[in-house]
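my questions concern the predicted model and sequence given below.
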There are 2 protein chains.
Amino acid sequence: MSAQIIDGKAIAEKVREEVRQGVANMQAEHNYVPGLATVLVGEDPASATYVRSKQRTCEQLGIRSIGHHMPADSTQEEVETLVRQLNADPNVNGILVQLPLPKHLDEEAILNSIDLEKDVDGFHPVNIGRLAMKGRNPLFIPCTPAGCMRLLSETGVELNGANAVVLGRSNIVGLPMAMLLQKANATVTICHSRTKDLPGMLRQADVVIAAVGRTEMVTGDMLKPGAAVIDVGINQKEDATRKRGYRLVGDVDFESAKEVAGAITPVPGGVGPMTIAMLMENTLRAAEISLAKK
Amino acid sequence: MSAQIIDGKAIAEKVREEVRQGVANMQAEHNYVPGLATVLVGEDPASATYVRSKQRTCEQLGIRSIGHHMPADSTQEEVETLVRQLNADPNVNGILVQLPLPKHLDEEAILNSIDLEKDVDGFHPVNIGRLAMKGRNPLFIPCTPAGCMRLLSETGVELNGANAVVLGRSNIVGLPMAMLLQKANATVTICHSRTKDLPGMLRQADVVIAAVGRTEMVTGDMLKPGAAVIDVGINQKEDATRKRGYRLVGDVDFESAKEVAGAITPVPGGVGPMTIAMLMENTLRAAEISLAKK
């Protein structure tokens, strides 16, 4: 039996279409256009590519995009001053500080300085604290975990009472993912490099989230038949048949896993397209919050 | 084989003695006495008892205790005004708002109004957010989970790579406990009422934290031989031989569990005494933070 392939491209397009509609309605009803400010510090090419991609998606959906690019040697005070200006700017609904920041900057302090109601990345400690706590809801859910949850719901995966294994415990994927699954009443196990019997843990899981950044480490024999597998990893694997010498693969060995899983995301085309789509959803939400206060 | 009984009374006394010494040193070296303000709203008898017990322990350790008792119909603004006054008071190092608050009050907003550096209960969303995140450390760890961690370390339980099951996901015990164990490199599974095969999960656990409030629900046959079992539950069980008609028991069936576990806390006399001891430790720490800024 071969698994259902979860089409992240199609689901992301569905999310984007919802946002496009929401933006159009907001403009028609309130004469208001949501705005996303991006803050890029330094010249990291991958970060620059991500930021451009976010800006382009804004344009496609009718969201105003305001790009700020600061030199790599910007001081803490300079970055925080810009964030405070953006906090005060009524045309900016969301503020995205592209991570990672240059090492001399205090990332936590900068994220902390973002107005909670403009924290569309969902990384403000108060948002994470609310995400972790019962009965409290963050204003914004971090984009990649939010995207994974949407992929699961669109695929009809039952989370209530399901055993879920989250592989990896990063601040941007693993930890918030574990909290979201727990809030959805799954029984969540957080696995990582110190976990003793990872295959044994995985074989009990109805839902697997692989977000550890290790090439194809989860193989089909480690999966429970019928499991839903969300592969967040994006790794380069040598491939002489490709012009650039590698291809992109996930943390899951797709070929063997798809023979055991019930549903699985491909890499690329699974989780990847969801992240920016969820950022757009968060930006629209930020604009709605702002309008509701007027 | 019978388990090692983890003596919470003795370990709590050890913590208190450390705090007593720390307070005495602070007074000798800096002529400064740590102060803990308690805020009790309403007439709940259990809350009043807890607050009195905290105040009494302060006195025993040389910590100044400042008790505030507000009527049950106090407004949100009145409680927040008091908290702001305590935030500004240089003689107050820790602020403890006794939970639960009367239902008409917004608990989160009140906890949020406590100065982060005086949040000795560790329930400020920023503290919880930091607790949840890798590479970030809260100023204060919530007292009961901190007490459980201390019991484990005093017992010499290895957490690195251990399988840990946290039973229960409350904001004050289960969730922070899961984060602490995860930060200590355990592989943590959070179980709750929706968990399908709880005995199966428990049988894999090297460390069990039971914090679900269900009388003796974890029995010896559900445990892995040699497991360390920390019982946070305090439940009343009918007992005609007692004058009050009941006795206190935990979430773990102590009699059967102690035959399988490697180490186990009794109820009472296990986790119970630790909570206030850790509150005292947090208060001393708050005073140290305050002194360091002078």
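That came through, no problem.

name the nearest residue to A:Asp7, ignoring sequence neighbours.
Closest residue to A:Asp7 apart from its sequence neighbours, by Cβ to Cβ, 6 or more residues apart in numbering or on different chains: A:Gly269 at 7.2 Å. For the C-beta atoms, the positions are set from N, CA and C on the backbone; glycine is no exception.

whoops, A:Gln27 was the one
Distances taken as Cβ to Cβ, 6+ apart put A:Val33 closest to A:Gln27, at 5.8 Å, once the chain neighbours are dropped.

now swap in A:Arg136 and tell me
Nearest residue to A:Arg136 in three dimensions, chain neighbours excluded: A:Arg130, at 4.3 Å (Cβ to Cβ, 6+ apart).

my read: A:Cys143 touches A:Pro273, true?
No: if you go by Cβ atoms under 8 Å, A:Cys143 and A:Pro273 don't touch, sitting 11.4 Å apart.

more crowded one of those two?
Neighbours were counted for A:Cys143 and for A:Pro273 using other Cβ atoms under 10 Å in any protein chain shown; A:Cys143 has more, 26 against 20.

make sure A:Met149 is indeed in a strand.
No: according to DSSP: H, G, I helix; E, B strand; the rest coil, A:Met149 belongs to no strand; its state is helix.

ok, it touching A:Met179?
No: judged on Cβ under 8 Å, A:Met149 makes no contact with A:Met179 at a distance of 10.8 Å.

quick one: which of those two has more around it?
Using other Cβ under 10 Å as the criterion, A:Met149 and A:Met179 rank with A:Met179 on top: 28 against 23.

coming back round to it: so the residue nearest to A:Asp7 is in contact with A:Ala10, correct?
No: between A:Gly269 and A:Ala10 there is no contact under Cβ under 8 Å: 9.2 Å.

these two: who's more crowded?
Using other Cβ under 10 Å, the more surrounded residue of A:Gly269 and A:Ala10 is A:Gly269, with 16 against 11.

could I get the host helix or strand of A:Val83 in PDB with only the CA atoms?
Taking DSSP states H and E as the definition, A:Val83 sits inside helix A:76-88. Extracted in PDB, the C-alpha atoms of helix A:76-88 (Å, rounded to 0.1, in the frame of the first residue of the first chain):
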ATOM      1  CA  GLN A  76      21.600  46.200  19.100                       C
ATOM      2  CA  GLU A  77      20.400  49.800  19.700                       C
ATOM      3  CA  GLU A  78      20.000  50.400  15.900                       C
ATOM      4  CA  VAL A  79      18.000  47.300  15.300                       C
ATOM      5  CA  GLU A  80      15.800  47.900  18.400                       C
ATOM      6  CA  THR A  81      15.200  51.500  17.300                       C
ATOM      7  CA  LEU A  82      14.000  50.300  13.900                       C
ATOM      8  CA  VAL A  83      11.700  47.700  15.600                       C
ATOM      9  CA  ARG A  84      10.300  50.500  17.800                       C
ATOM     10  CA  GLN A  85       9.600  52.700  14.800                       C
ATOM     11  CA  LEU A  86       7.800  49.800  13.100                       C
ATOM     12  CA  ASN A  87       5.800  49.200  16.400                       C
ATOM     13  CA  ALA A  88       4.600  52.800  16.200                       C
END
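
what strands line up against the next helix or strand after that helix, and which way round?
Using DSSP H and E, the helix or strand that follows helix A:76-88 in sequence is strand A:94-97. Strand A:94-97 has the following sheet partners, assigned by DSSP bridges: strand A:35-41 (parallel).

ok, and what's touching the least confident helix or strand in chain A by mean pLDDT?
Sorting the helices and strands of chain A by mean pLDDT, DSSP states H and E puts helix A:125-132 at the bottom, at a mean of 90. Residues outside helix A:125-132 that contact it (Cβ atoms under 8 Å, 6 or more residues apart in numbering or on different chains) are A:108, A:111-112, A:116, A:119, A:122, A:136-141, A:171, A:175-176, A:179-180, A:183, B:124-133, B:136, B:175, B:179.

show me what from chain A comes close to chain B.
Selection of chain A residues close to chain B by Cβ under 8 Å from any Cβ of the partner chain yields A:108, A:124-136, A:160-161, A:163, A:169-171, A:175, A:178-179, A:182, A:185-192, A:194-196, A:201.

and these, which of them are in helices?
Among these, the residues falling in helices (DSSP state H) are A:108, A:125-132, A:175, A:178-179, A:182, A:201.

just the buried subset of the residues of chain A next to chain B, written out for ChimeraX, thanks.
Of these, the buried ones go into a single ChimeraX selection, burial set by 16 or more other Cβ atoms under 10 Å in any protein chain shown:
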select /A:108,124,125,126,127,128,129,130,131,132,133,136,161,163,169,170,171,175,178,179,182,185,186,187,188,189,190,191,192,195,201
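
secondary structure class for the residue nearest to A:Gln27?
State at A:Val33, reduced to three classes by three-state DSSP: coil.

that one and A:Met26 touch, don't they?
Yes: using Cβ under 8 Å as the test, A:Val33 is close enough to A:Met26 to be in contact (7.4 Å).

what about these two, which has more around it?
A:Met26 (18 against 14).

if I look at that one, how far off is A:Gly122?
The spacing between A:Met26 and A:Gly122, counted by Cβ to Cβ, to the nearest Å, is 21 Å.

for the residue most central in space within chain A, give its distance to chain B.
Nearest to the geometric centre of chain A sits A:Thr144, at 1.3 Å (Cα atoms, centre = their mean). A:Thr144 sits at a distance of 15 Å from chain B (criterion: Cβ to the nearest Cβ, to the nearest Å).

in contact with that residue: list those residues for me.
Going by Cβ under 8 Å, 6+ apart, A:Thr144 touches A:172-173, A:232, A:271, A:274-275, A:278.

could you do A:Thr219 as well?
Applying Cβ under 8 Å, 6+ apart, the residues near A:Thr219 are A:252-253, A:256-257.

equivalent analysis for A:Gly94, please.
Counting by Cβ under 8 Å, 6+ apart, A:Gly94 touches A:34-37, A:118-120, A:279, A:282-283, A:286-287.

just the pLDDT for it.
Listed pLDDT for A:Gly94 reads 98.

swap in A:Asn137?
With respect to pLDDT, A:Asn137 scores 89.

buried residues in stretch A:276-294?
For stretch A:276-294, a neighbour-count test (16+ other Cβ under 10 Å) marks A:276-287, A:290 as buried.

could you tell me which of those belong to strands?
Judged by DSSP state E, those include no members of strands.

in the helix ranked longest in chain A, what counts as buried?
Determined from DSSP H, the single longest helix within chain A is helix A:8-30. Residues of helix A:8-30 classed as buried: A:8, A:11-12, A:15-16, A:19-20, A:22-23, A:26 (neighbour count, 16+ other Cβ under 10 Å).

would you mind checking which of those is nearest to A:Thr265?
A:Gly8 (5.8 Å; Cβ to Cβ).

pretty sure that closest one contacts A:Ile276?
No: the criterion here is Cβ under 8 Å, and A:Gly8 misses it with A:Ile276 at 11.3 Å.

re the thing from before, from the buried residues of stretch A:276-294, pick the one nearest chain B.
Of all the buried residues of stretch A:276-294, chain B sits closest to A:Asn282, with 17.5 Å by Cβ to the nearest Cβ.

now that closest one: closest residue in space, sequence neighbours ignored.
Per Cβ to Cβ, 6+ apart, closest to A:Asn282 is A:Val120, 4.0 Å.

please report how far that neighbour lies from A:Leu40.
Per Cβ to Cβ, A:Val120 is found 15 Å from A:Leu40.
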